[in-house]
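1. Provided below for reference: sequence and predicted model.
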Amino acid sequence: MAEVETPVQARQIVYCGVCTLPPEYCEFGGTAKKCEEWLKENESDLWDTLYSEDALNANLSTLSVSAQERAAKDAAKKEAKAAANEARDSERKAASKVQIKRVERNKRKYVTVVIGLEVFGLENKKIAKDLGKKFATGSSVTRSPAGIEEITVQGDVSDDLREWLLEIHGKKIPASNIELIEDKKKKKSEGPMV
């Protein structure tokens, strides 16, 4: 007789909206509390199986007292580390500036250079593409001699670019963190003719 194979059913796996791990592994990340809140709001059945009083008591009863204490200490350390990282990121965002420079190329030709968008979580390549479409001009992402990624837009669009950034990304970038800079090309000094 020939054996008949039954088709394998695909499993539906839920991924956490905070840390993108399966909820069973959220405890190993630094955002366990946020993950638990997200799970409670979005997947209450799964939250019941993982974080309800009965589930926690069943899991803790298998651990020794010293292991329970270590688990509590580890969780507290991870939470403190995640909070410190968040605070550091918010300080860095508050202190950093988006610089929009108007650079003179030749006589009356200008380019506009934007530096510092990546700190606010924006992708330079996507912004460069959007700017090219918005101003109907060429724009590209290049590396400066200092090694920093910058967006170069052809033409003098510094004022319009500032307004566009505030309009589109005003929630991520405060107006006080955008500064306009005008770079003038140094003229070559003519030496005495011999």
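-> Arrived safely. All figures in this text were calculated on a predicted structure; none of them were measured in a lab.
2. going forward, measure contacts between C-alpha atoms and count neighbours the same way
-> Will do.
3. Remind me what the helix or strand that contains D130 packs against, helices and strands.
-> Per DSSP states H and E: D130 is located in helix 124-135. Counting contacts by 3 or more C-alpha pairs under 8 Å, 6 or more residues apart in numbering; DSSP states H and E, helix 124-135 is packed against strand 139-143, strand 149-154.
4. a markdown table please, covering the ones you listed and showing distance to A83 and mean neighbour count.
-> As requested, the helices and strands packed on helix 124-135 are exported to a markdown table (distance: least, C-alpha to C-alpha, whole Å; neighbours: other C-alpha atoms under 10 Å):
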| stretch | distance to A83 | mean neighbour count |
| --- | --- | --- |
| strand 139-143 | 33 | 17 |
| strand 149-154 | 29 | 22 |
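5. which stretch among these comes nearest T20?
-> T20 lies closest, by C-alpha to C-alpha, to one member of the helices and strands packed on helix 124-135: strand 149-154, at 28.1 Å.
6. Touching the closest one from outside, list them.
-> 110-116, 124, 128, 131-132, 137-144 (C-alpha atoms under 8 Å, 6 or more residues apart in numbering).
7. Could you figure out how far it is turned away from strand 139-143?
-> 140 degrees (axes from the mean of the first three to the mean of the last three C-alpha atoms, to 10 degrees).
8. Put the alpha carbons of stretch 27-36 into PDB.
-> C-alpha atoms of stretch 27-36 as PDB (Å, rounded to 0.1, in the frame of the first residue of the first chain):
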ATOM      1  CA  GLU A  27      12.300  39.300  27.400                       C
ATOM      2  CA  PHE A  28      15.800  39.000  25.900                       C
ATOM      3  CA  GLY A  29      15.600  42.500  24.300                       C
ATOM      4  CA  GLY A  30      15.900  45.800  26.200                       C
ATOM      5  CA  THR A  31      12.300  46.800  25.700                       C
ATOM      6  CA  ALA A  32      10.400  44.100  27.600                       C
ATOM      7  CA  LYS A  33       7.900  46.400  29.300                       C
ATOM      8  CA  LYS A  34       7.000  48.200  26.000                       C
ATOM      9  CA  CYS A  35       6.700  44.800  24.300                       C
ATOM     10  CA  GLU A  36       4.400  43.500  27.000                       C
END
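9. No more questions from me, cheers.
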